[in-house]
Every structure is written in structure tokens, then in C-alpha cells.
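Undergrad: Build me a model from this:
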Amino acid sequence: MFNPNAASFLAIQYTRPLTGGRAAFVRGEHRYTGTYYLNFDNVVRQAPFHQFNARAGVGYKTYELALWGRNLTGVKYRTWATGVFLLSNPGTWGATATASF
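TA: Okay, here's the model as predicted:
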């Protein structure tokens, strides 16, 4: 239960140095999850699915500003099915500002 018969994850990131110690980056991610069962009886089965994520931004020393998207294609899959079906998160977009100390 909850163990797919196959799974893979691939991430590609490119970073380009800019002037003044800044850098720009772009990252793409692909996750594949194969068939898995959602209940203890191995009756309810989740079909295989692909999920895509992306992130891009700029950084300067200990600061970073990034735009990101998760589940870009809005694929819907079940994550739990014992008594109640729970669905995956929908496609989401956002921005993140980070400062490291």
C-alpha cells in the first residue's frame, strides 16, 4: 500500500552569474509515480501520473527572490482512500523571498 511499482524524479537547474555578485537561475522538475494501491485491501488503485514543477529567480549574496509553480499541469491524483478519498494539491503558484544569516 502506498508503494508505487515505479517512481522517478528528474531536476534540471541552470544558474547564470550576473554582474555585481548576483546570479539568475531556472529549475525544472519532473516526477513520475507508478501504480499504487490506496487501501489496506489492495482494491482501490491509483493510476500512474506525471507531475511538473518549476522555479526561477535571482540571488545576491545571502538574498534570493524566486517565482515558482507546483503541479503545473494540475494533475489530480488520490493520496489516501481508507474511508475517505483525499485529492492532491491543485496547481499552485507563488513567490518566495529568502534571506540567509
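
Undergrad: same for the worst-scoring helix or strand of the chain on mean pLDDT, what does it pack against?
TA: One helix or strand of the chain scores below all others by mean pLDDT, DSSP states H and E: strand 78-80, with a mean of 80. In terms of contacts (3 or more C-beta pairs under 8 Å, 6 or more residues apart in numbering; DSSP states H and E), strand 78-80 is packed against strand 86-87. C-beta coordinates here come from the backbone N, C-alpha and C atoms, glycine included.

Undergrad: Run me through the strand neighbours of the least confident helix or strand of the chain, direction for each.
TA: strand 86-87 (antiparallel) (DSSP bridges).

Undergrad: Identify the residues contacting the very next helix or strand once past the partner strand?
TA: For strand 86-87, the succeeding helix or strand toward the C-terminus, using DSSP states H and E, is strand 92-99. Identification of contacts with strand 92-99 by C-beta atoms under 8 Å, 6 or more residues apart in numbering yields 57, 62-71.
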